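>>> Sequence plus the predicted model coming up.
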Amino acid sequence: EAGVAQSPRYKIIEKRQSVAFWCNPISGHATLYWYQQILGQGPKLLIQFQNNGVVDDSQLPKDRFSAERLKGVDSTLKIQPAKLEDSAVYLCASSSSTIWNEQFFGPGTRLTVL
Amino acid sequence: AQSVTQLDSQVPVFEEAPVELRCNYSSSVSVYLFWYVQYPNQGLQLLLKYLSGSTLVKGINGFEAEFNKSQTSFHLRKPSVHISDTAEYFCAVSDRGGATNKLIFGTGTLLAVQP
């Protein structure tokens, strides 16, 4: 079974530029998560999708971050414009829809904002 | 709201020695508890989980953890570590009755195994 795929693995941009990250979850997983992991901290949930609907985006900085999952499969996370404090690893995870379901994580995208 | 505290940011240990990584949580509701491991440049992998039942939980790679409700702790242990166990370990909680399955992570503990 293929795992969660993410691209790119690394990205370096200047502040005020825009950037997009892509995630392909495990086949059949209805729930998709985006986490932000700042150096020295644990991952923090940014947004959670159930199929193509948003379940939780309470910690997403909506003035600059956006995410979509149009067909309930792949997802894109965008930052526009980027700030220095957005430097982090962005992790995508997916899970199947059961009462409790294990989240499977992708390798992450490391973003450096200069 | 829940929170997770991992007091040790780094734990150095010699190969074949035992190790304990500490985790304490705070929550006003019942929770599920997890330990994840993150190897360099990789995503997180589930080591073990406590959902219900026996408070001693066994996971992969010889790790185990014990849920202590009175002390709100979920410490991770391994009787004999290997060089390959060098990684970052994260403790996490999830609201047992929550609708979102959201994970709240601690800040992580770097386990550094030395030969």
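Thanks, I have it.

>>> so where is the chain shaky, pLDDT-wise?
By default, I'm working from chain A. Applying pLDDT under 70 to chain A flags the ranges A:1, A:98-100.

>>> not quite, I wanted chain B
B:99.

>>> mind redoing it with 90?
Applying pLDDT under 90 to chain B flags residues B:1-2, B:27-31, B:40-43, B:51-53, B:94-102.

>>> So which residues on it come close to chain A?
B:4, B:9, B:32, B:36, B:41-46, B:49, B:51, B:90, B:92, B:94, B:99-103, B:105-108 (C-beta under 8 Å from any C-beta of the partner chain). No exception for glycine: its C-beta is placed from N, CA and C like everyone else's.

>>> Just the buried residues of those.
B:4, B:32, B:36, B:43-44, B:46, B:49, B:90, B:92, B:94, B:101-103, B:105-108 (16 or more other C-beta atoms under 10 Å in any protein chain shown).

>>> who's in contact with A:Ile12?
A:111-112, A:114 (C-beta atoms under 8 Å, 6 or more residues apart in numbering or on different chains).

>>> scratch that, B:Gly108
A:40-42, B:6, B:9, B:38, B:88-90.

>>> the strands in chain B, which residues?
B:3-5, B:10-14, B:19-21, B:24-26, B:31-38, B:44-50, B:56-58, B:64-68, B:73-78, B:87-95, B:104-105, B:109-114 (DSSP state E).

>>> Can you tell me which helices and strands the second one packs against?
Read that as strand B:10-14. Where contact means 3 or more C-beta pairs under 8 Å, 6 or more residues apart in numbering or on different chains; DSSP states H and E, strand B:10-14 is packed against strand B:19-21, strand B:109-114.

>>> buried subset of the contacts of B:Gly108?
Applying 16+ other C-beta under 10 Å to the contacts of B:Gly108 flags A:42, B:6, B:38, B:88-90 as buried.

>>> Tell me which residue of chain A lies closest to chain B.
A:Gly42 (3.0 Å; C-beta to the nearest C-beta).
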